[in-house]
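J.: predicted model, plus sequence, below.
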Amino acid sequence: MCVCKAGKTINFMRMEFLSCPENVALARIAAASFAAQLEMTLNDLEELKVAVSEAVSNCIIHGYDNQPVGVIRLTTNLYEGTLEIIIDDDGKGIEDVEQAMQPTFSTVPERMGLGFVFMKSFMDEVVVNSTVNQGTQVILRKVLAFNQALQCSL
Amino acid sequence: MDSLIKRSKNIMVVSMKGDIDLVNAEKLRLEVDKQLEKKQFHHLIINLEKVEFIDSSGLGAILGRYKKISATGGKIALINPQPQVMRILELSGFTRIMPIYQSEDQALREMA
């Protein structure tokens, strides 16, 4: 169930980058920089960075099998009352999204399988859309507090 | 990410700085495993005082080292994580399996 109703777009940012590990930091810092305009708490910003880091890492590790061969797109949208972050790739997709989102589940032996756990813990809504051999889209949404929402319309 | 490795008797102390994410987790894994192969250490202390960010990739690297060291009867401890790192350690359950100390001296005393 959607937590929010996206209204007018107040601001957005889009970037795309190669699926190499060095760009995970780039993505989380870019997303946090966008969110920092909203006067979020430091705690919220740190949690947002972890959520984005997990989503982008998933694109690299699972979507593109750790190969720097694909494109990852990061979009941040600011609506009235909601911050939305979309991470998507054109990688191999997820066969069973429900299974993939289970805590500690991972198709890679060395991984902990906590990526979606952190995303769900730190964001108000997590939506995953995926098609095998076409790609995966992860949508993270954060409902903004009243004072943050006010900031949007300034 | 920078790291500094030093030795205190049979305890390896790894002091890390920066972010431990997908790229730096691998560096951590390689550096610690290289030292472990020399078999000069039995226990491991990871100093997180200067680590500003960690995600599940970083946790995975730490957990992997924990399993390796535990398999030979060794112990692992973490030192002084920053609040945002501590939050991740708590959420992932690491605080239940690894002791967290406030200083290197305290950790060395407890693990001796």
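T.: Cool, the structure landed.

J.: got the contact list for the residue most central in space within chain A?
T.: Most central in chain A under Cα atoms, centre = their mean is A:Val52, positioned 4.3 Å from the mean C-alpha point. Counting by Cβ atoms under 8 Å, 6 or more residues apart in numbering or on different chains, A:Val52 touches A:Ala27, A:Arg28, A:Ala31, A:Ala32, A:Leu74, A:Ile85, A:Ile87, A:Leu140. For every residue, glycine as well, the C-beta is placed using N, CA and C.

J.: which stretches of chain A form helices?
T.: A:22-36, A:42-58, A:97-100, A:115-122, A:146-152 (DSSP state H).

J.: would a markdown table of these with mean pLDDT be doable?
T.: Below are these laid out as a markdown table (pLDDT from 0 to 100):
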| stretch | mean pLDDT |
| --- | --- |
| helix A:22-36 | 97 |
| helix A:42-58 | 96 |
| helix A:97-100 | 83 |
| helix A:115-122 | 93 |
| helix A:146-152 | 56 |
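
J.: of the contacts of A:Val52, which are in range of chain B?
T.: Among the contacts of A:Val52, the residues lying close to chain B (Cβ under 8 Å from any Cβ of the partner chain) are A:Arg28.

J.: mind checking which of the helices of chain A is nearest B:Ile5?
T.: Closest approach to B:Ile5 among the helices of chain A is made by helix A:22-36 (23.0 Å; Cβ to Cβ).

J.: buried stuff in the closest one?
T.: Using 16 or more other Cβ atoms under 10 Å in any protein chain shown as the test for burial, helix A:22-36 gives A:Asn23, A:Val24, A:Ala25, A:Ala27, A:Arg28, A:Ala30, A:Ala31, A:Ala32, A:Phe34, A:Ala35.

J.: so what does the residue nearest the centre of chain B look like in phi/psi?
T.: Centroid-nearest residue in chain B, with Cα atoms, centre = their mean: B:Ile46, separated by 2.9 Å. When read as degrees, to the nearest 10, the backbone of B:Ile46 gives phi -110, psi 120.

J.: tell me the residues of chain B that contact chain A?
T.: Residues of chain B lying near chain A (Cβ under 8 Å from any Cβ): B:19, B:21-23, B:26, B:53, B:55-57, B:59-60, B:63-64, B:84, B:87-88, B:91-92.

J.: the worst-scoring helix or strand of chain B on mean pLDDT packs against which elements?
T.: One helix or strand of chain B scores below all others by mean pLDDT, DSSP states H and E: strand B:2-8, with a mean of 77. In terms of contacts (3 or more Cβ pairs under 8 Å, 6 or more residues apart in numbering or on different chains; DSSP states H and E), strand B:2-8 is packed against strand B:11-20, helix B:22-37.

J.: buried sites along the last one?
T.: Going back to what we said before, that points to helix B:22-37. Buried residues in helix B:22-37, counted by 16+ other Cβ under 10 Å: B:Leu22, B:Val23, B:Asn24, B:Ala25, B:Glu26, B:Leu28, B:Arg29, B:Val32, B:Gln35, B:Leu36.

J.: surely the first one touches A:Val24?
T.: This means B:Leu22. Yes. B:Leu22 is in contact with A:Val24 according to Cβ atoms under 8 Å; the separation is 5.1 Å.

J.: tell me, what's touching the two both at once?
T.: A:Ser53, A:Ser57, A:Ile60.

J.: intersect the residues you listed with the contacts of chain B.
T.: For chain B, the contacts drawn from the shared contacts of B:Leu22 and A:Val24 by Cβ under 8 Å from any Cβ are A:Ser53, A:Ser57, A:Ile60.

J.: ok so, going back, redo the helices of chain A as a markdown table? Include distance to A:Glu80.
T.: Below are the helices of chain A laid out as a markdown table (distance: least, Cβ to Cβ, whole Å):
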| stretch | distance to A:Glu80 |
| --- | --- |
| helix A:22-36 | 16 |
| helix A:42-58 | 18 |
| helix A:97-100 | 29 |
| helix A:115-122 | 22 |
| helix A:146-152 | 6 |
